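> Using only what follows, build the 3D model:
(chains A and B)
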Amino acid sequence: MSDRALGAPVRVDPRGPRFAAVLTTVVLVVVLATGSGPLLAAQAVVFALGAGLGLRRAPYGWLYRRLVRPRLGPPQELEDERPPRFAQAVGFTFAAVGAVGYLSGATWLGIAATALALAAAFLNAAFGYCLGCEIYLLVVRARARLGQAAR
Amino acid sequence: MSDPTGLIVAVVVLAAATVFGLVRARRDGRLRAGRGDAGLRLSSGELGESLGDRATLVQFSTSFCATCPGTRRLLLDVASGTPGVRHVEIDAEQRLDLVRHAEVMRTPTVLVLDRDGRVVRRASGPPTRDEVVSALELATAS
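Numbers count the residues shown, from 1 in each chain, chains lettered A, B, ... in the order given. Prediction:
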């Protein structure tokens, strides 16, 4: 409750992002198997919606609430929405680069970017491990170092 | 589906990620004597908070860290039940100086300090209660 008083951000059922990661994993495997640029572009849009609107209003979150959550019962605890939302933004970057690769004929770029996104999605789905969140501190460190070097 | 490259890449990625995930799950949150931690010492001045009389649990967190709140609850609970032990949470983004000094690569990272601020144990990832308790025993033994 004290969290609320401090203006804490939205809290979500942690099984929602996990479910989304499972669907994302399946989609990305299909992308790699078929080399479909349009499918990867669609996944990029899904990532963008998750990052921009929040996971609950993104397509996979909606599916989770409509189809999965009613069968599971209420969550044991809620988690901060910001880490998974940040991970969606990271996912969007890779999916967008990959889609540009596939659609422009640079298939190697499509495969490489999709492979990285698949690794992250699968680690989240199978182990609950948020690669995007882990990388965040390294990004902040690197940015600060670059900032120093520029001065 | 003439070119199998993508499918092969998918299989390799899934296999590699599985190995990584399993190794990581085993190592995550283990409180160990860090390789570069011999001689590493944090003062209350650097932390911006006073040290515990007997030991201090220093937690590095960011806002984009899914497991940090759970670790905070655990450490606060252990600290409040152990006399002379304080929990200090550092916002890694605000304190990049301390992040570099202590070689923190990810969050949560937990450092267990003895009464003089020497780093006795370190965990990358969320530690378990048993691990924290035994690390505290070690830190307060001296």
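> Please, which helix or strand holds B:E89?
strand B:85-91 (DSSP states H and E).
> One more: A:V100?
Applying DSSP H and E as the criterion places A:V100 in helix A:82-104.
> For that helix, name the packing helices and strands.
helix A:15-34, helix A:37-53, helix A:107-127, helix A:131-150 (3 or more C-beta pairs under 8 Å, 6 or more residues apart in numbering or on different chains; DSSP states H and E). Every residue, glycine included, has its C-beta placed from N, CA and C.
> can you put those in CSV and add mean neighbour count and distance to A:L63?
Shown next, in CSV, are the helices and strands packed on helix A:82-104 (neighbours: other C-beta atoms under 10 Å in any protein chain shown; distance: least, C-beta to C-beta, whole Å):
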stretch, mean neighbour count, distance to A:L63
helix A:15-34, 21, 7
helix A:37-53, 20, 11
helix A:107-127, 22, 15
helix A:131-150, 15, 21
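> Please list all residues in contact with A:V10.
A:54, A:80-81 (C-beta atoms under 8 Å, 6 or more residues apart in numbering or on different chains).
> which parts of chain B sit against chain A?
Applying C-beta under 8 Å from any C-beta of the partner chain, one finds that chain B approaches chain A through B:1, B:3, B:5-7, B:9-10, B:13-14, B:16-18, B:20-21, B:24-25, B:62-66, B:69, B:92-93, B:96, B:99-100, B:104-107.
> picking that back up, can you list the helices and strands packed on helix A:82-104 in TSV and add mean pLDDT and distance to A:L67?
Listed next are the helices and strands packed on helix A:82-104 as TSV, based on pLDDT from 0 to 100; distance: least, C-beta to C-beta, whole Å:
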stretch	mean pLDDT	distance to A:L67
helix A:15-34	95	9
helix A:37-53	96	16
helix A:107-127	95	17
helix A:131-150	79	25
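> any weak-confidence spans in chain B?
B:1-2, B:142 (pLDDT under 70).
> follow-up on the earlier one: I'd like to know which of the residues of chain B next to chain A are part of helices.
Filtering those for membership in helices, criterion DSSP state H, returns B:5-7, B:9-10, B:13-14, B:16-18, B:20-21, B:24-25, B:69, B:96, B:99-100.
> now stretch A:87-101: mean pLDDT?
Across stretch A:87-101, pLDDT averages out at 95.
> buried set for that stretch?
A:87-88, A:90-101 (16 or more other C-beta atoms under 10 Å in any protein chain shown).
> can you tell me which residue is nearest the centre of chain B?
B:T109 (2.2 Å; C-alpha atoms, centre = their mean).
> What are the neighbouring residues in contact with it?
B:59-60, B:102, B:122-124.
> circling back: quick one: list the elements packing against the strand holding B:E89.
strand B:55-61, helix B:68-80.
> Kindly reformat those as a markdown table containing mean neighbour count and distance to B:E49.
As requested, the helices and strands packed on strand B:85-91 are exported to a markdown table (neighbours: other C-beta under 10 Å; distance: least, C-beta to C-beta, whole Å):
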| stretch | mean neighbour count | distance to B:E49 |
| --- | --- | --- |
| strand B:55-61 | 25 | 8 |
| helix B:68-80 | 18 | 12 |
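> With A:T114 as the reference, name the closest of those.
Relative to A:T114, the nearest member of these by C-beta to C-beta is helix B:68-80, separated by 29.7 Å.
> how much does that closest one deviate in direction from strand B:85-91?
160 degrees (axes from the mean of the first three to the mean of the last three C-alpha atoms, to 10 degrees).
> name the helices or strands packed onto helix B:68-80?
Right, helix B:68-80 is packed against strand B:55-61, strand B:85-91, helix B:129-141 by 3+ C-beta pairs under 8 Å, 6+ apart.
> Pick the most buried one from the ones you listed.
strand B:55-61 (a mean of 25; mean count of other C-beta atoms under 10 Å in any protein chain shown).
> Tell me the strands beside that one, with direction?
Each strand paired with strand B:55-61, and its direction, by DSSP bridges: strand B:85-91 (parallel), strand B:109-114 (antiparallel).
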